[in-house]
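S.K.: Just need the structure, nothing else, for what follows:
(one chain, ligands or ions: 1)
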Amino acid sequence: MNEKLSQIRQSILVGIEKKATSRATAFELRKQFLDSKNGEIGQLMKEMKNLAAEDRAEFGKQVNELKKWATEVFEDLDKKMKEKELEFKYQREKIDVTIDADAQEKGNLHPITQMRNQLIDVFAGMGFTIYEGTEIENDYYNFTALNTPADHPARDMQDTFYLSPEFLLRTQTSSGQIHVMENSKPPIKILSPGKVFRSDDDATHSPMFTQMEGLVVDKKITLCDLKGMLDNFVKKIYGEDTTTRLRPSYFPFTEPSVEVDVSCFECGGKGCKLCKGTGWIEILGAGIVNKKVLENCGIDSEEYSGLAFGIGIERTAMLKYGINNIKLLFESDLNVLKQIDDN
Ligand code: DAH
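M.R.: I've put the predicted structure just below:
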């Protein structure tokens, strides 16, 4: 019997050596020997009945000693395993606070939004507030009130998407002028950004694009005010060395009307590819608000005068960022868009 006891002792030690690699395997091993029902040590007691009566007490004592020893060995083992696992966990979760963080990819606003924000900043600095109109307009606000009645040849300047004989997708943010003048009294100083739509499609035109209308109505507004504001605008957007020049033009809602050029910011006015050798680049249409338009909105054209301008946001951005095809602004190609981060 003694031999059996030392065999068990031996197999506990070998088992620990070979199998106990974690708390879980150590626990399994413990169960094998110390489980109260089926443990090998407990089973020894069952053999008691096969012994001679005088040997039983000694055997019982030895089994108990073995049990005590095994219990201590397994407790010790569990403690060691626990420490080992904790150590492993600490190693695995160790954080080196001195390591550089992974670089996060940073997004940027769409170039049209960036340009729009820059324009708003410039004109807000001159006291303009924002009026946002609707993209669906009726014929009156988009054309008639802007001195462009149905049979007017100027309607051909813009290829219109009609939704019905009365409603259309606005072709110009100029329609915002009428809403503002109908609903407020001078002095007026508003900026109206938004999408506009025309049946037009080539490298520099898109059926949907963005404009920014400006309108100032007050006493004694003149072309000088317009020139001063636009000079300030080009300096902020294209650089302090730039300036503007006004050329006579025609729009039904302004009289006189002007086409505004900016001095070429690429060559400084000497003449280059961008300005086609002229030193000037056309950037927007503007003028003094036609008296008929003021009167259409119930504003006394003897007492008040106004200036207006319409900026194409895509064109302004294309010039500033050297984009040669308007499609690049609408194709959502991140490789293109992320190159323009100007905020
Ligand atoms: N609405 C014109 C267009 O889309 C641009 C324009 C020209 C706006 C002259 C104005 C202006 O306010 O005075 O072509």
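
S.K.: From here on, just use CA atoms for contacts and neighbour counts.
M.R.: Will do.

S.K.: The stretch 201-343 of the chain: helices as residue ranges?
M.R.: 223-238, 291-296, 313-321, 334-337 (DSSP state H, counting those that start in this stretch).

S.K.: Tell me which of the ones you listed sits nearest to E72.
M.R.: helix 334-337 (66.8 Å; Cα to Cα).

S.K.: returning to what we had before: a markdown table please, covering the helices of the stretch 201-343 of the chain and showing mean neighbour count, distance to the ligand and mean pLDDT.
M.R.: Formatted as a markdown table, the helices of the stretch 201-343 of the chain follow (neighbours: other Cα atoms under 10 Å; distance: least, Cα to the nearest ligand atom, whole Å; pLDDT from 0 to 100):
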| stretch | mean neighbour count | distance to the ligand | mean pLDDT |
| --- | --- | --- | --- |
| helix 223-238 | 17 | 10 | 97 |
| helix 291-296 | 19 | 11 | 98 |
| helix 313-321 | 20 | 11 | 95 |
| helix 334-337 | 12 | 26 | 93 |
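
S.K.: Dump those into a markdown table; add distance to V63 as well.
M.R.: Listed next are the helices of the stretch 201-343 of the chain as a markdown table, based on distance: least, Cα to Cα, whole Å:
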| stretch | distance to V63 |
| --- | --- |
| helix 223-238 | 95 |
| helix 291-296 | 113 |
| helix 313-321 | 91 |
| helix 334-337 | 78 |
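
S.K.: mind checking which of those helices is nearest R23?
M.R.: Distance to R23, taken as Cα to Cα, is lowest for helix 334-337 among these, at 52.3 Å.

S.K.: and the closest one, what does it pack onto?
M.R.: If you count contacts as 3 or more Cα pairs under 8 Å, 6 or more residues apart in numbering; DSSP states H and E, helix 334-337 packs onto no helix or strand.

S.K.: Next, count neighbours for G322.
M.R.: Neighbours of G322 under the rule other Cα atoms under 10 Å: 11.

S.K.: Residue numbering should commence at 665 henceforth.
M.R.: All set: I'll call the first residue 665, so the last point we hit is now G986.

S.K.: buried residues in stretch 881-888?
M.R.: V881, D882, I885, L887 (16 or more other Cα atoms under 10 Å).

S.K.: Between the two ends of that stretch, what distance do you get?
M.R.: Criterion Cα to Cα, to the nearest Å; first-to-last residue distance in stretch 881-888 is 14 Å.

S.K.: swap in stretch 875-892?
M.R.: 21 Å.

S.K.: neighbouring contacts of it?
M.R.: Stretch 875-892 has contacts (Cα atoms under 8 Å, 6 or more residues apart in numbering) with 780, 836-838, 840-841, 850-860, 908, 910, 951-952, 967-978.

S.K.: same thing but 6 Å
M.R.: 837, 850-858, 968-977 (Cα atoms under 6 Å, 6 or more residues apart in numbering).

S.K.: before we move on, back to that, show me the one of the helices of the stretch 865-1007 of the chain that comes nearest D864.
M.R.: Nearest of the helices of the stretch 865-1007 of the chain (Cα to Cα): helix 977-985, 14.2 Å.

S.K.: just the angle between the closest one and helix 887-902, please?
M.R.: On the basis of axes from the mean of the first three to the mean of the last three Cα atoms, to 10 degrees, helix 977-985 is oriented at 50 degrees to helix 887-902.

S.K.: list the helices and strands helix 977-985 packs on?
M.R.: Identification of packing neighbours for helix 977-985 by 3 or more Cα pairs under 6 Å, 6 or more residues apart in numbering; DSSP states H and E yields no helix or strand.

S.K.: From the chain's centroid, how far away is it?
M.R.: Between the centre of helix 977-985 and the centre of its chain there are 21 Å (Cα atoms, centre = their mean, to the nearest Å).

S.K.: What lies in contact with that helix?
M.R.: If you take Cα under 6 Å, 6+ apart as the criterion, helix 977-985 is touched by T874, Q875.
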